[in-house]
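Participant: got a structure for you, letters missing:
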């Protein structure tokens, strides 16, 4: 068996294990495969090795990671690649494919903490009011924005929602998030109101004689895509006069930050966002504290 064939077999076995045992998403699995193939190609082109995964040394991995940083790759990119390789070589060690794990004692690059861009409560109100609710598509957009802000869902989770996932009688939505992890998130009265308006008035008009199990649909009867919804947000933000740079998680960030500003417990916010590790949620405490500092400076006599 050639090195290329051996590499392909190892990658297939590894990615199958990621899916079967860990339940990782297809996007995550594909990114792992891409990173490992980059490693193999880099070994052949730069160190003139055979590119085999089983013969990689710690020095090889350090050279690979440092080359990316020298070429301008972000620390987060190198950190993700190292995380992938750690998982891969732990798998090879468990399977008896290697005797030593070459990723041991390799430190992760320090990643600078970037505070997420968010919107003020007034700006969120402006954004939510931007769609023309006299039109079926405008009422759909209003319901989507209200639901996104009320629940802190990821955009991908929002557009993938099935009607069956919404419990109108209980005012909750059942989410299947990253890694197939389930969580229940309250809708709130305002979001539930607009969702009911959409379901009763707009959705039948949008669908016509077409059928769909998806909650939010287009005039073609298809599910809303993540990219299409993001263009909608940008359009409504422009209409609302919001000129801040937006990201796919802007309303998710606002949801978490505003909850903390109003005294919500960090653990509760973690559960609502579907974060496995609370350290991921803690970044929002920095956003909230920055807002508190601004308020203190503006209103305190010695601020």
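Facilitator: On my side now, so go ahead. Just so you know, these numbers come straight off a predicted model, no measurement behind them.
Participant: list the contacts for residue 56?
Facilitator: When the contact criterion is C-beta atoms under 8 Å, 6 or more residues apart in numbering, the partners of residue 56 are 39, 43, 89, 102. Just so you know, the C-beta spots here come from the backbone N, C-alpha and C atoms, and that holds for glycine as well.
Participant: how far away is the first one from residue 92?
Facilitator: For residue 39, the distance to residue 92 (C-beta to C-beta, to the nearest Å) stands at 13 Å.
Participant: Now the two most distant members of the contacts of residue 56.
Facilitator: In terms of C-beta to C-beta, the contacts of residue 56 reach their longest pairwise distance at 43 and 89, which sit 14.1 Å apart.
Participant: Save the contacts of residue 56 as a markdown table, and put in distance to residue 250 too.
Facilitator: Conversion of the contacts of residue 56 to a markdown table gives the following (distance: C-beta to C-beta, whole Å):
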| residue | distance to residue 250 |
| --- | --- |
| 39 | 34 |
| 43 | 40 |
| 89 | 37 |
| 102 | 40 |
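Participant: shared neighbours of residue 39 and residue 92, anything?
Facilitator: residue 53.
Participant: These two: which has the busier surroundings?
Facilitator: For residue 39 against residue 92, the residue with the higher neighbour count under other C-beta atoms under 10 Å is residue 39, and the figures read 22 against 19.
Participant: for whichever strand or helix holds that one, which positions count as buried?
Facilitator: When elements are defined using DSSP states H and E, residue 39 is found to belong to helix 26-46. Residues of helix 26-46 classed as buried by neighbour count (16 or more other C-beta atoms under 10 Å): 28, 29, 32, 33, 35, 36, 39, 40, 42, 43.
Participant: so which one among the contacts of residue 56 has the lowest pLDDT?
Facilitator: Of all the contacts of residue 56, the one the model is least sure of by pLDDT is residue 43, with 87.
Participant: residues touching that one, list them.
Facilitator: 49, 50, 51, 56, 60, 64.
Participant: one more time with 7 Å
Facilitator: Listed by C-beta atoms under 7 Å, 6 or more residues apart in numbering, the contact partners of residue 43 are 49, 51, 60.
Participant: how much space between it and residue 30?
Facilitator: Look at residue 43 and residue 30: by C-beta to C-beta, they are 21 Å apart.
Participant: Domain parsing of the protein, as residue ranges.
Facilitator: Taking automatic domain parsing as the domain assignment, the ranges for the chain are 3-94, 121-299.
Participant: and the last one, average pLDDT?
Facilitator: Taken as a whole, domain 121-299 has a mean pLDDT of 84.
Participant: Measure how far it is from the centre of its chain, please.
Facilitator: On the basis of C-alpha atoms, centre = their mean, to the nearest Å, domain 121-299 is displaced by 13 Å from the centre of the chain it belongs to.
Participant: And the first one, by the same measure?
Facilitator: Its chain's C-alpha centre and that of domain 3-94 lie 22 Å apart, by C-alpha atoms, centre = their mean.
Participant: now the end-to-end length of it.
Facilitator: The stretch domain 3-94 measures 21 Å between its terminal residues, going by C-alpha to C-alpha, to the nearest Å.
Participant: Ok, stretch 203-221 next?
Facilitator: With C-alpha to C-alpha, one end of stretch 203-221 sits 10 Å from the other.
Participant: CSV for the buried residues of helix 26-46, including distance to residue 4?
Facilitator: Written out in CSV, the entries for the buried residues of helix 26-46 read as follows (distance: C-beta to C-beta, whole Å):
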residue, distance to residue 4
28, 24
29, 20
32, 18
33, 14
35, 17
36, 13
39, 14
40, 8
42, 15
43, 12
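Participant: for those, which one is nearest residue 249?
Facilitator: Residue 249 has its nearest neighbour among the buried residues of helix 26-46 in residue 28, at 17.2 Å by C-beta to C-beta.
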